[in-house]
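In: This is a predicted model, with the sequence first.
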Amino acid sequence: MRQVRFNIHPKEAKITEAIASVEAPEGYSGEGFFTAKLSDVVGLARKNSMWPLPFATSCCGIEFMASMAPHYDIARFGAERVGFSPRQCDLLMVMGTIAKKMGPVLRQVYLQMAEPRWVIAVGACASSGGIFDSYSVLQGIDQIIPVDVYVPGCPPRPEAIIDGFMKIQELVSQESIRRRNSEQYKALMNGYGIE
Ligand code: SF4
């Protein structure tokens, strides 16, 4: 007879030892106080509460679904609140082949997101057009919107998507709260025709 495994461990789980908490930013502490840079504290909060907006058009989207499922569980990174309203989300995850006809739609979704916003191009198609070197396919979403992290693969495994997500978290935690008002950032946006 086939053995049935139940998800019950005979040993009592030591939950307090298994749960990790985020590291506090660098700062000064003394009796009853702790000071740190505002940028670091804001970065810590943003990094651990990302709201992804999955823009999935084909196969890579299925890998993303796996990364949301219990085995990989992107919720462990504080990103379980996946949303489909650009006005609420701060991380645009583009997964799949983007046809040129879809380009303006993707750009509009990006424009509707409030600052600060970040973008991941997941997989070869979103990053470079992938195997579809054709007249109808956009050869990389960075032709129409700025991209922060590229995840290679066709398709990338969920581990790679999670790795890309962690790279975004690194960027988010280190970003100065003044970056979005800087001349360099405005020049980047102007390069894409965005005011
Ligand atoms: S990169 Fe590969 S798996 Fe991903 S959408 Fe393109 S063809 Fe599909």
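Out: Sure, I can see it. Residues are numbered from 1 along each chain as shown.

In: Beyond the worst-scoring helix or strand of the chain on mean pLDDT, next helix or strand please.
Out: Lowest by mean pLDDT, DSSP states H and E among the helices and strands of the chain is helix 15-18, with a mean of 67. Note on helix 15-18: by DSSP states H and E, the next helix or strand toward the C-terminus is strand 27-30.

In: which residues sit in contact with the spatially most central residue of the chain?
Out: Closest residue to the average C-alpha location of the chain: Phe165 at 4.4 Å, with Cα atoms, centre = their mean. Residues near Phe165 by Cβ atoms under 8 Å, 6 or more residues apart in numbering: 50, 52, 74, 77, 79, 120. Using the backbone N, CA and C atoms, a C-beta is placed for each residue, glycine as well.

In: Over to Met102?
Out: 57, 138.

In: 6 Å instead, please
Out: Met102 sits next to no residue when contact means Cβ atoms under 6 Å, 6 or more residues apart in numbering.

In: any idea how far Gly193 is from it?
Out: Met102 is 18 Å from Gly193, where distance means Cβ to Cβ, to the nearest Å.

In: again, but for Leu38
Out: 32 Å.

In: for the ligand, what are the nearby residues on the chain?
Out: Contact residues (Cβ under 6 Å from any ligand atom) of the chain with the ligand: 58-60, 96-97, 123-125, 130, 154-155.

In: out of the residues you listed, who's nearest Leu106?
Out: Gly96 (10.5 Å; Cβ to Cβ).

In: just the strands in the chain please.
Out: 27-30, 33-36, 52-56, 91-95, 118-122, 149-151 (DSSP state E).

In: Adding distance to Glu183, write these out as TSV.
Out: Listed next are these as TSV, based on distance: least, Cβ to Cβ, whole Å:
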stretch	distance to Glu183
strand 27-30	29
strand 33-36	27
strand 52-56	28
strand 91-95	24
strand 118-122	20
strand 149-151	23
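
In: would you list those strands in JSON lines and tack on distance to Ile161 and mean neighbour count?
Out: Output for those, formatted as JSON lines (distance: least, Cβ to Cβ, whole Å; neighbours: other Cβ atoms under 10 Å):
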{"stretch": "strand 27-30", "distance to Ile161": "32", "mean neighbour count": "9"}
{"stretch": "strand 33-36", "distance to Ile161": "31", "mean neighbour count": "10"}
{"stretch": "strand 52-56", "distance to Ile161": "10", "mean neighbour count": "22"}
{"stretch": "strand 91-95", "distance to Ile161": "8", "mean neighbour count": "26"}
{"stretch": "strand 118-122", "distance to Ile161": "6", "mean neighbour count": "25"}
{"stretch": "strand 149-151", "distance to Ile161": "6", "mean neighbour count": "22"}
